[in-house]
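Q: Need coordinates for the following:
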Amino acid sequence: MSKRLRAYGMLVHHALNELAYAVEDQDVRGCCPECCASCEALMILDKEGVLDSVVSLWDTHEDGTAVLTPGNPSWWTGTQVDRDWLYAAWTKSTTGCAHSK
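A: Below you'll find the predicted structure:
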């Protein structure tokens, strides 16, 4: 696999991890995919049906250690991004933006 494709996977991991941190934060519950570029990118990839494939582009660290295992990261079910968690993180946005639900 090319380094470029691996980098795409890393960027998507980062976006999902940032969303996970926002969900865990007591002051911010979730995020708005209409205001946040990384969440909008995740939404586009999900709607296009390629989110899990892009996440899987980065499945091992340089030393061969698995990046994705069931439940680790917290947003990974073992085969795909946990959609229940993802959609809940978007709908629980209390960021104060115009799109907050």
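Q: got the contact list for stretch 12-23?
A: 28-31, 38-39, 41-42, 45, 51, 54-55, 57-58, 67, 73-75, 81, 85-86, 89, 92 (Cβ atoms under 8 Å, 6 or more residues apart in numbering). Any C-beta I mention is one placed from the backbone N, CA and C, and that applies to glycine too.
Q: just the buried members of the residues you listed?
A: Taking 16 or more other Cβ atoms under 10 Å as the criterion, what is buried in the contacts of stretch 12-23 is 29-31, 38-39, 41-42, 45, 51, 54-55, 57-58, 67, 75, 81, 85-86, 89, 92.
Q: Downstream of the helix ranked longest in the chain, the next helix or strand is which one?
A: Assignment by DSSP state H gives helix 3-24 as the longest helix of the chain. Downstream of helix 3-24, the first helix or strand assigned by DSSP states H and E is helix 37-47.
Q: which secondary structure elements does that next one contact?
A: helix 3-24, helix 51-55, helix 83-91 (3 or more Cβ pairs under 8 Å, 6 or more residues apart in numbering; DSSP states H and E).
Q: Quick check: which of these is buried the most?
A: Each of the helices and strands packed on helix 37-47 was assessed for mean neighbour count using mean count of other Cβ atoms under 10 Å. The highest is helix 51-55, with a mean of 19.
Q: Can you say which of the helices and strands packed on helix 37-47 is nearest to residue 63?
A: Closest to residue 63 of these is helix 3-24 (Cβ to Cβ; 14.2 Å).
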